[in-house]
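S.K.: Based on what follows, work out the 3D shape:
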Amino acid sequence: MIYAAGETGGSGALPLLVVVAFAAFVYFLMIRPQQKRRRETESMQASMGVGDEVVTVGGLYGNVVEVNDDTVLLEIAPGVTAKYARAAIGKVNKKAAVEDEEAAEEESAGSADAD
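M.R.: Have a look, this model is predicted:
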């Protein structure tokens, strides 16, 4: 057979391999980490409870007073509450259960010192 100048008889596997490698690169460096962050955020928002100190995505600090399916009632100042979407909570600073345990430990240490 006579081939034209510059024409090769190789397969078109190399361009396909480049496309697959690029797709894998995008998945592992962009899509997968974003999905992990989203799952962590959803888990944090689902585990919120009454008494937790939280920060909204807008930067407002408050204590959780009430938790509903889609909303959270925050006490942002003594006697002042505001209702927020659960998705608007960006971070849980302190869990209420941890504070209760620390207070109980301090009381038991204080009573032991007094004896």
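S.K.: pull the helix or strand with minimum mean pLDDT from the chain.
M.R.: Using mean pLDDT, DSSP states H and E, helix 96-114 stands out as the lowest-scoring helix or strand of the chain, at a mean of 58.
S.K.: Closest to the centroid, which residue in the chain?
M.R.: A centroid search over the chain (C-alpha atoms, centre = their mean) returns residue 41, at 2.2 Å, as the residue closest to the centre.
S.K.: Can you tell me which helices and strands the helix or strand where that one lies packs against?
M.R.: Taking DSSP states H and E as the criterion, residue 41 maps to helix 32-46. Contacts defined by 3 or more C-beta pairs under 8 Å, 6 or more residues apart in numbering; DSSP states H and E place helix 32-46 against strand 89-94. In short, each C-beta sits where N, CA and C put it, glycine included.
S.K.: From the chain's centroid, how far away is the strand it packs on?
M.R.: Here strand 89-94 is found 10 Å from its chain centre; the criterion is C-alpha atoms, centre = their mean, to the nearest Å.
S.K.: which residues sit against that strand?
M.R.: Outside strand 89-94, the residues that touch it by C-beta atoms under 8 Å, 6 or more residues apart in numbering are 44-45, 47-48, 52-57, 61, 72.
S.K.: Kindly write the ChimeraX command that selects the buried subset of the residues you listed.
M.R.: In ChimeraX, a selection of the buried entries from the contacts of strand 89-94 looks like this (16 or more other C-beta atoms under 10 Å):
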select :45,48,52,53,54,56,72
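S.K.: what about the helix or strand harbouring residue 21, average pLDDT?
M.R.: For residue 21, the host element (DSSP H and E) is helix 13-26. Helix 13-26 comes out with an average pLDDT of 91.
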